[in-house]
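Student: generate coordinates for the sequence data below:
(one chain, ligands or ions: 1)
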Amino acid sequence: MANKQPFEITSWARLGVVFAGTTLVYFIIVLPIYRLLFHPLAKYPGPKTWAISQIPWTLMFCSGQSHRRLLELHDKYGSIVRIGPNELSYTIPEAWESIMGRRKRNVENPKAPWYCPAENKDITGAPYSDHVRMRRLLAPCFAASAMQEQQPIIKSHINLLIERLRERSQNGKTAINVTQWYNYCLFDIIGDLSFGEPFGCLQESAMHPWIAWIFANIRHIAIGIALNRFPLLRVVLPWLVPKSLRKQAEDLKRVSREKVTRRLEAGRDRPDFIQAMISGKGDVTLTREEIENNAMVLTIAGSETTATALTGATYFLSKSPSAMAKLASEVRSTFKQEADIDFLSVTKLPYLKAVTEEALRMYPPGPNAQPRITPPGGSLILGEHIPGNTVIGIPQRAMFLSESNFTRAREFIPERWLNDSEFSTDRKDCFNPFSVGPRNCIGMNLAYAEFRTILGRMVWNFDFEIADSSRNWMEEQNSYLLWDKIPLYMHLVPGTRAEVRST
Ligand code: HEM
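Tutor: Presented below is the predicted three-dimensional model:
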């Protein structure tokens with residue numbers, strides 16, 4: 001009896017050592033060899049460490065350097081790169097339809113659950129049938145006729161933006177942080193359309209706390225998404241999030257619930273998103289929770305993105321005097337008065353349209369991939385069978401800046417959109433900043449209308465002169481799912497009508 005215990009301890013210890021040794025051998029030797037040489041994705045090029053482990057991708061994503069790193073990887077390895085043990089990144093134009101398009105019998109490559117979870121009960125993560133229901137109710141908000149009805153609401157905010165910028169810029173003497181002012185304007189517009197009341201940013205010349213929270217946490221949200229990809233971490237992650245952050249997220253939800261309640265109680269018949277969401281069609285209705293969540297999603301998806309596009313366009317114009325002069329000439333010679341610049345009239349300005357396309361190409365608001373996952377049985381992507389549960393994505397910036405897709409791809413040249421023969425081989429079919437397929441951007445028409453109208457009015461009023469402190473604005477930014485934009489300081493000099501006189 002007395003001899004038995006030491007023997008038992010030793011055998012347990014031995015078992016432990018064997019188990020730990022086997023696990024180590026598996027993770028350090030067997031799994032990497034399998035992933036490198038025998039995995040179905042082994043034939044795709046990419047850095048070896050990325051093929052072996054999820055860690056390099058995670059570090060890249062959390063560092064905010066995805067936009068830069070993915071471009072480098074595609075430059076080095078070509079248009080399909082293996083960027084994880086189970087992940088491929090594409091910059092071939094046809095990949096859009098293949099990855100994002102509608103598939104046979106409505107089976108889609110769904111969104112990765114760690115990217116847009118279905119539990120959120122909103123349009124971005126909703127499973128197929130719920131998504132169709134939400135889209136049917138919301139789509140009419142973005143029809144041309146609905147946008148004409150919304151225009152007076154939107155115009156009032158643009159008027160206030162211009163008024164504030166005229167006051168603040170002091171004839172160009174004071175440098176203005178246009179990143180901030182575009183955000184104020186776009187959040188006020190979208191707040192008015194989503195909740196029936198603006199956030200009051202332009203009125204107060206300050207960011208509403210609701211929005212400030214989102215900006216302050218772009219990085220934390222991204223880190224949460226990246227860590228969610230690890231099954232073990234997914235379990236413990238909720239406990240790792242600081243209590244203060246959880247409380248702020250709850251406050252955010254509470255404020256949007258209160259805003260929806262106020263809008264519903266006001267009961268006004270108004271051409272806004274809430275009106276569309278409560279006007280059920282037969283069986284097609286939304287629950288109260290879905291209305292609240294979608295109002296929040298529309299607010300974030302529909303403001304920050306368009307503000308980013310405007311900030312990018314302003315930056316590129318300030319760095320390209322010839323493009324600025326051509327655009328100023330077009331805008332200032334076409335209209336007799338500022339009030340004539342509206343959603344409809346801006347569609348008739350070819351150079352303005354070319355500038356907006358080129359700004360979205362050079363600085364897409366969603367710079368990295370919006371990942372999808374192949375269904376369990378796998379998926380046919382560009383004619384090749386890709387196994388189930390593979391993450392597939394199109395990093396927009398790498399696609400749009402690829403030298404295989406565009407001539408002088410890394411230069412801002414609006415002329416490429418105006419049939420200039422130098423750019424006749426450009427693969428314009430790869431340019432889908434709003435994505436394609438059943439889950440593409442529902443707000444694309446509104447985004448273009450706002451983008452062109454606001455930029456048109458800015459150019460009517462001001463010449464853009466970049467402040468010295470912002471000359472490297474583009475290079476200094478991080479990106480996650482969205483850009484973590486830094487202030488862009490600009491001298492807004494009152495525009496002369498010289499161009500008008502000379503035409
Ligand atoms: C320049 C501005 C914009 C850009 C570049 C943009 C881009 C995109 C992209 C790439 C997607 C697809 C995301 C994915 O696949 O995960 C998307 C989805 C979406 N966007 Fe936009 N967007 C813009 C403006 C807007 C506006 C103005 C609204 C609404 C007011 C809006 C509302 C949405 C919604 C609700 C979705 C989800 C659609 C669905 O899942 O069916 N976006 N957007």
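
Student: may I have the residues that are in contact with the nearest residue to Phe412 once chain neighbours are set aside?
Tutor: Nearest residue to Phe412 in three dimensions, chain neighbours excluded: Phe316, at 4.4 Å (CB to CB, 6 or more residues apart in numbering). Backbone N, C-alpha and C define where each C-beta goes, glycine included. Counting by CB atoms under 8 Å, 6 or more residues apart in numbering, Phe316 touches 323, 355, 358-359, 362-363, 412.

Student: same deal with Phe464?
Tutor: 314, 317-318, 324, 458, 490-493.

Student: pull out the buried residues from the contacts of Phe316.
Tutor: Buried subset of the contacts of Phe316 (neighbour count, 16 or more other CB atoms under 10 Å): 323, 355, 358-359, 362-363, 412.

Student: distance to the ligand and pLDDT added to these, as CSV?
Tutor: Compiled in CSV, these are given as follows (distance: CB to the nearest ligand atom, whole Å; pLDDT from 0 to 100):
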residue, distance to the ligand, pLDDT
Ala323, 19, 98
Val355, 14, 98
Glu358, 13, 98
Ala359, 9, 98
Met362, 13, 98
Tyr363, 10, 98
Phe412, 17, 98
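
Student: close to the ligand: what parts of this protein are there?
Tutor: Within the chain, the positions lying close to the ligand (CB under 6 Å from any ligand atom) are 123-124, 135, 190, 297-298, 301-302, 305-306, 309, 365-366, 370, 433-435, 439-443, 446-447.

Student: write the ChimeraX selection for whichever of those residues are buried.
Tutor: Remark: buried members of the residues of the chain next to the ligand, expressed as a ChimeraX selection using 16+ other CB under 10 Å:
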select :123,124,190,297,298,301,302,305,306,309,365,366,370,433,434,435,439,441,442,443,446,447
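
Student: strands along this structure, start to end?
Tutor: 80-84, 87-90, 175-177, 372-373, 379-381, 384-386, 391-393, 462-466, 478-479, 483-484, 489-494 (DSSP state E).

Student: for those strands, give me a markdown table that also has mean pLDDT.
Tutor: Below are these laid out as a markdown table (pLDDT from 0 to 100):
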| stretch | mean pLDDT |
| --- | --- |
| strand 80-84 | 98 |
| strand 87-90 | 98 |
| strand 175-177 | 97 |
| strand 372-373 | 96 |
| strand 379-381 | 93 |
| strand 384-386 | 95 |
| strand 391-393 | 97 |
| strand 462-466 | 97 |
| strand 478-479 | 95 |
| strand 483-484 | 94 |
| strand 489-494 | 97 |
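
Student: ok, which of the ones you listed comes nearest Asn217?
Tutor: Of all these, strand 483-484 sits nearest to Asn217, with 10.3 Å by CB to CB.

Student: what residues does that closest one touch?
Tutor: Looking at what lies outside strand 483-484 - CB under 8 Å, 6+ apart - the contacts are 64, 218-219, 308, 363, 365, 367, 477-478.

Student: same check on stretch 406-422?
Tutor: With CB under 8 Å, 6+ apart as the test, stretch 406-422 has contacts from 316, 319-320, 323, 326-327, 350-351, 353-355, 357-359, 361-362, 400-403, 423, 425-428.

Student: stretch 187-198 now?
Tutor: Here stretch 187-198 makes contact (CB under 8 Å, 6+ apart) with 141, 150, 153-154, 157-158, 160, 199-203, 207-208, 211, 256, 259-260, 262-263, 266, 268, 270, 272-274, 295-296, 298-299, 302-304, 307, 450.

Student: narrow those residues to those in helices?
Tutor: With DSSP state H as the criterion, helices contain 150, 153-154, 157-158, 160, 201-203, 211, 256, 259-260, 262-263, 266, 273-274, 295-296, 298-299, 304, 307, 450 from among the contacts of stretch 187-198.

Student: can you give me the helices in the stretch 301-450 of the chain?
Tutor: 304-319, 321-334, 350-362, 396-400, 444-461 (DSSP state H, counting those that start in this stretch).

Student: between these, which gets nearest to Pro376?
Tutor: Nearest to Pro376, of all the helices of the stretch 301-450 of the chain, is helix 396-400, at 27.3 Å by CB to CB.

Student: among the helices of the stretch 301-450 of the chain, show me which one is buried the most.
Tutor: Burial of the helices of the stretch 301-450 of the chain is given as mean neighbour count (mean count of other CB atoms under 10 Å); helix 396-400 ranks first at a mean of 27.

Student: pLDDT of it, averaged?
Tutor: Helix 396-400 shows a mean pLDDT of 98.

Student: of all the residues in stretch 81-94, which ones are buried?
Tutor: By 16+ other CB under 10 Å, the buried positions in stretch 81-94 come out as 81-93.

Student: nearest to the ligand, of those residues?
Tutor: Comparing the buried residues of stretch 81-94 against the ligand with CB to the nearest ligand atom places Tyr90 closest, at 14.2 Å.

Student: so the closest one bridges to which residues?
Tutor: Counting by DSSP bridges, Tyr90 is bridged to Ile80.
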